[in-house]
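Participant: Fold the following, please.
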Amino acid sequence: MIDQTIAALVAYALQKGLISEDDRVWAVNALLERLHLDSYEATASVEIRPVNEMLDTLTDYAVSQGLCGDDPVSRDLFDTGLMGCLTPRPSQVRQQFRALLAEDPKKATDWYYALSGATNYVRWDRIRRNMVWKAPTEYGELDITVNLTKPEKSTTTGAAFQAASKAAASYPKCLLCVENEGYAGRYNHPARQNHRPVPFVLDGEEWFLQYSPYVYYNEHCIAFSGRHYPMVVDGHSLRQLLDFVTVFPHYFMGSNADLPIVGGSIFTHAHFQGGRYDFAMAKAPVETPLRFQGFEEIRAGIVKWPMSVIRLRGGDRTRIAALGEKILNCWRGYSDEAAYIFAETEGVPHNTITPIARRRGSDYELDLVLRNNITTPELPLGVYHPHPELHHIKKENIGLIEVMGLAVLPPRLKRELARLAELLVSGGDLRSDELTEKHADWAEALQKKYVFTPENVEQILRDEVGVVFSQVLEHAGVYKRSPAGKEAFLRFAAAVGAAEN
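Facilitator: Sure, this is the predicted structure:
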């Protein structure tokens, strides 16, 4: 059985173009070495199964022989090492990517995305377990994902930010460093023998492109600096985002904010996230056109979106970046006590932005999402953060992906929503069940709106989760969608030299 699986895995690698026929014997022997086997009998015919199934079979054998533990982390370390035996060398991947990029950027990313899946770096078998749907809201169809591949994270606090910075002293320094390429991993650091980032240049600096191992949307990619330095959102990063969509015009690219609570999960390494997907925010229209003094050629405005977004559009990316930097710098130091916006308290900065760049034909489009991470004793997780009444659905930080309209919800919701559906149909006690107690206030309000049946309960709950997520985004917006909120938003625009157009 093991010989057959080795033969099938090598045949799979040949089929996917990971190795050539000249590599067949070498590949078999590389796998034998990993499995501590010293003999092999070729089979006349092989059955190529899904790659994760073949890797599971070989990993089961390794567990039975004491070559690795039977816990999820140990198994991941081992099966990634197996796949690394069949993954092309970095020089081969980069040579092919460069050749295709010179021909057509889309051909280059199509090939690279397929390679990332074929090598099991993008773990499609796990991604397919996620619950995914769209929910209609007043802001368009929001994307909802119940993430079953990773545990729910706790909120990033200032202390956690400092701890993460101090922790970046090992090798590789963090999960994004280029030194991860081919790294065998350890119990607290994933294996990356099948990792092949490809280099390119952004605003004069070497960066690398990879895909997320657990993609949340089509061609979900990560761009990261070749140097290990902390994330920052500034004029340089805005120019880099616009450079990226110049090289890859079929992708968007954005940055998490650079402050705790409103920022990214890895602050210690400069990186962006992008991909080939149209989020609801990208489809949202400008509802209040603005004209910026000195930048009259740039079409600008406030976007109809639950968060506070200024959109810039024009054909000259240098001018777009310059105006974006002006808005950012003004926002960094901007306070408006009447709107409860404070640039800093006790020397701690609060204002930053989440920027997203994309192309619209020959035009560049840059969305600047205004962020503020101030906390109060009543709202210790953040004033512009999901408030406690929404934590039964979403408690985590609102980062770049959520900002654009894709909810990444915790895995607990799979069981909780299923049990909630049962009790809503049967009329059971919502408050006596540990799975539904936290949802009881919300669910009892829904009972006043709907008559639940086995046929409609799942769809109603999915739609209403979307409504809650739209409220989450409203909470994260620094300017509320009200007359007073719009007036305050226009006060900031005036501070940057803009007026309604």
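
Participant: And the contacts of stretch 21-34?
Facilitator: The set of residues external to stretch 21-34 that reach it, using CB atoms under 8 Å, 6 or more residues apart in numbering, is 6-7, 9-10, 13-14, 19, 38-40, 58, 78, 81-82, 85-86. Using the backbone N, CA and C atoms, a C-beta is placed for each residue, glycine as well.

Participant: List only those of these flagged as buried.
Facilitator: For the contacts of stretch 21-34, burial is judged from neighbour counts taken by 16 or more other CB atoms under 10 Å, and it is met by 6-7, 9-10, 13-14, 19, 40, 58, 78, 81-82, 85-86.

Participant: For Asp143, which three-state class applies?
Facilitator: When classified by DSSP: H, G, I helix; E, B strand; the rest coil, Asp143 comes out as strand.

Participant: Next up, the contacts around it.
Facilitator: Going by CB under 8 Å, 6+ apart, Asp143 touches 132, 134, 217, 279-280, 405-407.

Participant: Counting neighbours, which of those residues comes out on top?
Facilitator: Neighbours here are counted as other CB atoms under 10 Å. On that basis the top member of the contacts of Asp143 is Gly405, with 27 neighbours.

Participant: for the protein, which spans come out with low pLDDT?
Facilitator: Scanning the chain for pLDDT under 70 picks out the ranges 150-169.

Participant: how's it carved up into domains?
Facilitator: Dividing the chain into domains by automatic domain parsing, as the record does, gives the ranges 2-86, 125-406+481-500.

Participant: Determine which stretch of those is the most buried.
Facilitator: Of all these, domain 125-406+481-500 carries the top mean neighbour count, a mean of 18, counting by mean count of other CB atoms under 10 Å.

Participant: Go ahead and measure how far it is from the middle of the chain.
Facilitator: Relative to its parent chain, domain 125-406+481-500 has a centroid offset of 10 Å by CA atoms, centre = their mean, to the nearest Å.

Participant: Just the terminal-to-terminal distance for it.
Facilitator: By CA to CA, to the nearest Å, the extent of domain 125-406+481-500 from end to end equals 50 Å.

Participant: now stretch 280-289
Facilitator: Stretch 280-289 has an end-to-end distance of 19 Å (criterion: CA to CA).

Participant: again with stretch 6-22
Facilitator: One end of stretch 6-22 sits 17 Å from the other (CA to CA).

Participant: ok now that stretch, how far from the chain's centre?
Facilitator: When C-alpha coordinates are averaged (CA atoms, centre = their mean), stretch 6-22 and its chain have centres 31 Å apart.

Participant: Which residue is the nearest non-sequential neighbour of Trp467?
Facilitator: You called it Trp, but residue 467 is Val. Excluding the flanking residues, the one nearest Val467 by CB to CB, 6 or more residues apart in numbering is Thr137, at 6.2 Å.

Participant: Run a quick check on Gly324 versus Pro355, I expect a contact.
Facilitator: Yes - with contact defined as CB atoms under 8 Å, Gly324 reaches Pro355; the gap is 6.8 Å.

Participant: Report the set of residues contacting both of those two.
Facilitator: Common contacts of Gly324 and Pro355 (CB under 8 Å, 6+ apart): 238, 366, 368.

Participant: re earlier: now the residue nearest to Val467, what are its backbone angles?
Facilitator: Torsion angles at Thr137 (phi, psi; degrees, to the nearest 10) stand at phi -140, psi 180.

Participant: I'd like the numbering to begin with 197 instead of 1 from here.
Facilitator: Understood, numbering begins at 197; the last thing we discussed is Thr333.

Participant: Tell me what it is bridged to.
Facilitator: According to DSSP bridges, the partner residues bridging Thr333 are Gly336.

Participant: From Ile498, how far out is it?
Facilitator: Thr333 sits at a distance of 18 Å from Ile498 (criterion: CB to CB, to the nearest Å).

Participant: Same check on Gly543?
Facilitator: Summarising the geometry, the distance separating Gly543 from Ile498, computed by CB to CB, is 31 Å.

Participant: Then Gln200?
Facilitator: Counting by CB to CB, the gap from Gln200 to Ile498 is 62 Å.

Participant: Give the next helix or strand downstream of the helix of greatest length in the chain.
Facilitator: For the chain, the helix that runs over the most residues, judged by DSSP state H, is helix 653-672. Read in the C-terminal direction, the helix or strand following helix 653-672 is helix 679-691, with elements assigned using DSSP states H and E.

Participant: on that earlier part again, tell me how far the longest helix of the chain lies from the chain's centre.
Facilitator: With CA atoms, centre = their mean as the basis, the mean position of helix 653-672 lies at 20 Å from the chain mean.

Participant: so that helix versus helix 679-691, what angle?
Facilitator: Regarding helix 653-672 and helix 679-691, their directions subtend 50 degrees when assessed with axes from the mean of the first three to the mean of the last three CA atoms, to 10 degrees.

Participant: That'll do, ta.
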